[in-house]
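Asker: Whatever this is, show me its structure:
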Amino acid sequence: MPSSESKPRLAFRVGVTGKRELSPAQEAELRPRLAETLSVIKATLENESTRAQGAYSEESPILWAISPLAEGADRLFAEEALKLGYELQVPLPFLRDEYKKDFHAPDSCPEFDRLVAKATAVFEVEGETDFAGVHLPAAYETVGHLVVDHCDLLIAIWDGEPAKGNGGTAHVMEMARHRGIPVVCFGIGAAADTPLDTDAIIHAVRPPWLAFEELARTTEPGSAGQSRVPGSLEGRAGPVRASKKPGAPDANGSYLETASSKKPMLRTLWSWFFKLMSFGAKLPKVWPESIPPSDLKPRYERMDAIATRLSGLYRGAFLLNYTLGLCAVFFALLGYADEERAKYWLWSELAAILIVAALIVSIHRRRWHFRSVDCRYLTEQFRILCYIDQLGLTAPPLRLSAHQLNSDVQKSWMEWRLRGLLRERPLPQVKLTIAEARRYYEDVVDDLIQDQIVYHARNKETMEKVEKRLDRLGWFFVGVAAAACLLHFHFPPSSQVARWLTLCAAGFPAAASACHAIGSQGEFRRLSARSEAMHSGLKAIRDKMEQLSRSGRLSPATLRQECVALAALMIEEVVDWQILYRKPVPPG
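Answerer: The predicted structure follows:
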């Protein structure tokens, strides 16, 4: 199981959206229905706590109720959730005093204050108003996004009418469905109820390796010898499997328990090679990374160190493998060319072959590349969250095309671990004013975006240089081999010179092949092209954000929108590597 250092606390978040104007009769009808649904959610989570023992920390499960506390449905939900022991989290579309101008009932403001006082976190946004002080719909859309971003299940109290504007009940329900978040609708009037699907709760909190066991346990024989997945798991089955065994380290991430962050010798070997091959390249200057203070920063730093180590092990291993393979060829040929010391060359060849075999076994068993890509995914998620968490944003949703669904990262242990860690964290206790938005804007643009722009510019040039030099070195070896072949015609086959020419003619094509193999395995051309594309995408987002700032249109809402686009761009780039290297294990 995952190490206790990184085990999340079992948590589940329930959000609400709904009608503001409720009659006393409607409230009386809704209260027991809400209480029953929230009770079922609580009981389901407690049952899963027992089943998932070892995957989560030993702390008791926590239930969050996410409500903006508007009049009507929001408050009704909050009151029933508090009675059942849920912790109240309150995202507000405006600062508190401004938000109260939305309330009309005589006792509404004191009731609002009473509920806010019971909240464990309040996230206030300085919403937009027009010149007359009228609240603009963008503020309600922002709070709708906040609710959807921070819930695992949405309860909607809906009258069946379309939304009157952005942020209305129907609009928030559509947001949730777009994000793949289950919606439980309590119909009023013409609207129909939707039943609570407890499988949705189980699916959200159950680790993938337990889902494998569940799939095996509930799969039933079907017709013609085929297996059939029961309806409760239909559409949810088939997490991305890194191993056929649910308890394998690559299925549950348990290799993080013993993962070291120290710099290995293989990584040092790769660093020397990389510096040698890129020597003299004119590269943009890189400043030390400045991650803002966040409780996620230690997780980012540890995961970054592990990902860097694993990547260095893999790259150093394949570099050493190809180099030793080349050496083995030369040692064999040297035994032919230098007969006096043939025995020593034979032993050297055998040693090279044994080391190559050991490296192949290590790469296969320890799966350094596969694991480094996993850890890099989490690293980049934590890096971005360190910047955008205080804006009330969360890890961006991943959109995959149909041909990529078999490698869906959202069904892997990394995504479960990330979502588990985010679910246990409360909303940030922040007043996101326009002035604060400006400060966050400077952090994001000056630090994160600019740092990434420089990194990708540098990476493009470096990878391009390494790829070209390896290509030229390969052609050089081909030329030497061709020259040796031509010179061979001028010397008797039995002469000593002919023996050394044979070594060159046979050995240097192997050297050219090694250069080609290192270039292909290192994927320098692909990395250069990807960095060039990322550089352009990041510059476009930076320019748009700077334009918003110059025009005076930078607000909490617009900053959040641009940060969502930024996070999606950066994470999708990492997910592409996941899909490229994550080959689903066939069932059975």
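
Asker: elements contacting the helix ranked longest in the chain?
Answerer: Counting residues, the longest helix found in the chain (DSSP state H) is helix 297-337. When contacts are defined as 3 or more Cβ pairs under 8 Å, 6 or more residues apart in numbering; DSSP states H and E, helix 297-337 packs onto helix 265-277, helix 342-366, helix 368-388, helix 496-522. Every C-beta, even on glycine, is put in place using the N, C-alpha and C of the backbone.

Asker: got a list of what Leu432 touches?
Answerer: Phe123, Glu124, Val125, Glu126, Gln390, Leu391, Gly392, Pro556 (Cβ atoms under 8 Å, 6 or more residues apart in numbering).

Asker: 10 Å instead?
Answerer: By Cβ atoms under 10 Å, 6 or more residues apart in numbering, the residues touching Leu432 are 92, 95, 123-127, 142, 390-392, 440, 555-557, 559-560.

Asker: For it, report the pLDDT, please.
Answerer: According to the prediction, Leu432 has pLDDT 89.

Asker: quick one on the thing from earlier: how far does the longest helix of the chain sit from its chain's centre?
Answerer: Distance of helix 297-337 from its chain centroid, counting by Cα atoms, centre = their mean, to the nearest Å, is 26 Å.

Asker: Looking at that helix now, give me its mean pLDDT.
Answerer: Mean pLDDT, helix 297-337: 90.

Asker: the inter-axis angle of that helix versus helix 368-388?
Answerer: With axes from the mean of the first three to the mean of the last three Cα atoms, to 10 degrees as the basis, helix 297-337 and helix 368-388 are set at 150 degrees to each other.

Asker: now the contacts of Leu432: which count as buried?
Answerer: Among the contacts of Leu432, the ones that count as buried by 16 or more other Cβ atoms under 10 Å are 92, 123-127, 142, 390-392, 440, 555-557, 559-560.

Asker: Looking at pLDDT only, which of those scores worst?
Answerer: Gly127 (75).

Asker: what's near enough to touch that residue?
Answerer: 92-95, 98-99, 135-143, 432, 555-557.

Asker: switch to 6 Å and redo it
Answerer: Neighbouring residues of Gly127 by Cβ atoms under 6 Å, 6 or more residues apart in numbering: Pro93, Phe94, Ala139.

Asker: ok, now Thr198?
Answerer: Thr44.

Asker: Show the pLDDT at it.
Answerer: pLDDT, Thr198: 88.

Asker: repeat for Glu174
Answerer: 92.

Asker: Ile41 too?
Answerer: 94.

Asker: How much space separates it from Phe489?
Answerer: 85 Å (Cβ to Cβ, to the nearest Å).

Asker: more crowded one of the two?
Answerer: Using other Cβ atoms under 10 Å as the criterion, Ile41 and Phe489 rank with Ile41 on top: 24 against 8.

Asker: in which helix or strand would I find the more buried one?
Answerer: Here Ile41 sits within helix 24-51, counting by DSSP states H and E.

Asker: Enumerate the positions of that helix that are buried.
Answerer: Here helix 24-51 shows Gln26, Leu30, Leu34, Thr37, Leu38, Ile41, Lys42, Thr44, Leu45, Glu48, Ser49 as buried, counting by 16+ other Cβ under 10 Å.

Asker: what does stretch 454-470 give?
Answerer: 454-467, 469-470.

Asker: ok, now stretch 469-489?
Answerer: For stretch 469-489, by 16+ other Cβ under 10 Å, it's Arg469, Leu470, Asp471, Leu473, Gly474, Phe477, Val478, Val480, Ala481, Ala484, Cys485.

Asker: Just these: which are in strands?
Answerer: Assigned to strands by DSSP state E, none of the buried residues of stretch 469-489 qualify.

Asker: pLDDT and distance to Trp270 for these - can I get that in JSON lines?
Answerer: Below are the buried residues of stretch 469-489 laid out as JSON lines (pLDDT from 0 to 100; distance: Cβ to Cβ, whole Å):
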{"residue": "Arg469", "pLDDT": "93", "distance to Trp270": "15"}
{"residue": "Leu470", "pLDDT": "93", "distance to Trp270": "14"}
{"residue": "Asp471", "pLDDT": "94", "distance to Trp270": "19"}
{"residue": "Leu473", "pLDDT": "94", "distance to Trp270": "17"}
{"residue": "Gly474", "pLDDT": "94", "distance to Trp270": "19"}
{"residue": "Phe477", "pLDDT": "93", "distance to Trp270": "21"}
{"residue": "Val478", "pLDDT": "94", "distance to Trp270": "25"}
{"residue": "Val480", "pLDDT": "92", "distance to Trp270": "26"}
{"residue": "Ala481", "pLDDT": "91", "distance to Trp270": "27"}
{"residue": "Ala484", "pLDDT": "88", "distance to Trp270": "31"}
{"residue": "Cys485", "pLDDT": "89", "distance to Trp270": "33"}
